[in-house]
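A.B. asks: just a sequence and a predicted model for now, questions to come.
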Amino acid sequence: MFGYGSLMWNPGFAFTERVPARLIGEHRALCVYSFVHRGTPEQPGLVLGLDRGGACRGIAFRVADQHRIETVAYLREREQVTSVYREVKRSVWLDDDARRRISALAYVVDRGHDQYAGRLSIAEQLRFVRQGHGRSGPNRDYVLSTVHALEAQGCRDPQLHQIAQALQGETPAHR
């Protein structure tokens, strides 16, 4: 499994190995309107998707064979609530001593889905993140936790860090 957003800091499943990794061909972007986990249809939040082009640093998780079926079922329930992602296999390069290339399950945004936000300006992204609050909590917390997980790996995502910097000085809205 390749995690690039909340799966990095809240996988929610048992794993036997967790290794920083890089996926080439898609990049991390706040490009998905969230109607469930970080927003509602009336007040959408904005969550990450893997979108075309570039590269993405994240985490590769190894799951024991005996837990694979239950883990994939869990991920489908969590990630595919509204079917905004395509479940695909992608090559990822592990940042371990051997620099191994493995095949990993990944969730890539479906550009034809109604929840695909496309490329929004920083101001638009901030507006959705500030208003978003859903089943999994405030959208603001999602962004800040993802940035913290990236920093723990020694990584920076310039656009996501810019949004996090704008959010850090703000008092979260109470719901």
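C.D. replies: Received it, and whenever you're ready, just let me know what you need.

A.B. asks: going forward, measure contacts between C-alpha atoms and count neighbours the same way
C.D. replies: Fine.

A.B. asks: list the buried residues of stretch 95-110.
C.D. replies: Buried residues in stretch 95-110, counted by 16 or more other CA atoms under 10 Å: Asp95, Ala104, Leu105, Ala106, Tyr107, Val108, Val109, Asp110.

A.B. asks: just checking, what packs against the helix or strand harbouring the second one?
C.D. replies: What it means is Ala104. Counting by DSSP states H and E, the element that carries Ala104 is strand 101-109. Applying 3 or more CA pairs under 8 Å, 6 or more residues apart in numbering; DSSP states H and E, one finds that strand 101-109 contacts strand 2-3, strand 45-62, strand 85-94.

A.B. asks: kindly compare burial across the ones you listed and name the winner.
C.D. replies: When the helices and strands packed on strand 101-109 are scored by mean count of other CA atoms under 10 Å, the highest mean neighbour count falls to strand 2-3 (a mean of 25).

A.B. asks: what's the average pLDDT for it?
C.D. replies: The pLDDT scores in strand 2-3 average 98.

A.B. asks: cool, and stretch 99-118?
C.D. replies: On average, the pLDDT along stretch 99-118 is 96.

A.B. asks: and the angle from the lowest-mean-pLDDT helix or strand in the chain to strand 45-62?
C.D. replies: Every helix and strand in the chain was compared by mean pLDDT, DSSP states H and E; the lowest is helix 158-168, with a mean of 94. Here the directions of helix 158-168 and strand 45-62 differ by 120 degrees (axes from the mean of the first three to the mean of the last three CA atoms, to 10 degrees).

A.B. asks: other SSEs contacting helix 158-168?
C.D. replies: Right, helix 158-168 is packed against helix 122-131, helix 139-152 by 3+ CA pairs under 8 Å, 6+ apart.

A.B. asks: before we move on, the earlier item: identify the residues contacting the strand holding Ala104?
C.D. replies: Contacts with strand 101-109, where a contact means CA atoms under 8 Å, 6 or more residues apart in numbering, come from 1-3, 32, 49-51, 60, 79, 84-94, 116.

A.B. asks: if we go to 7 Å?
C.D. replies: 1-2, 49-51, 84-94 (CA atoms under 7 Å, 6 or more residues apart in numbering).

A.B. asks: which of these sits closest to Gly12?
C.D. replies: Proximity of those to Gly12 (CA to CA) peaks at Met1, which lies at 12.1 Å.

A.B. asks: surely that closest one is in contact with Phe61?
C.D. replies: Yes - with contacts counted by CA atoms under 7 Å, Met1 reaches Phe61, the gap being 5.1 Å.

A.B. asks: OK, contacts around Leu46?
C.D. replies: Leu30, Cys31, Val32, Tyr33, Ser34, Phe128, Val129.
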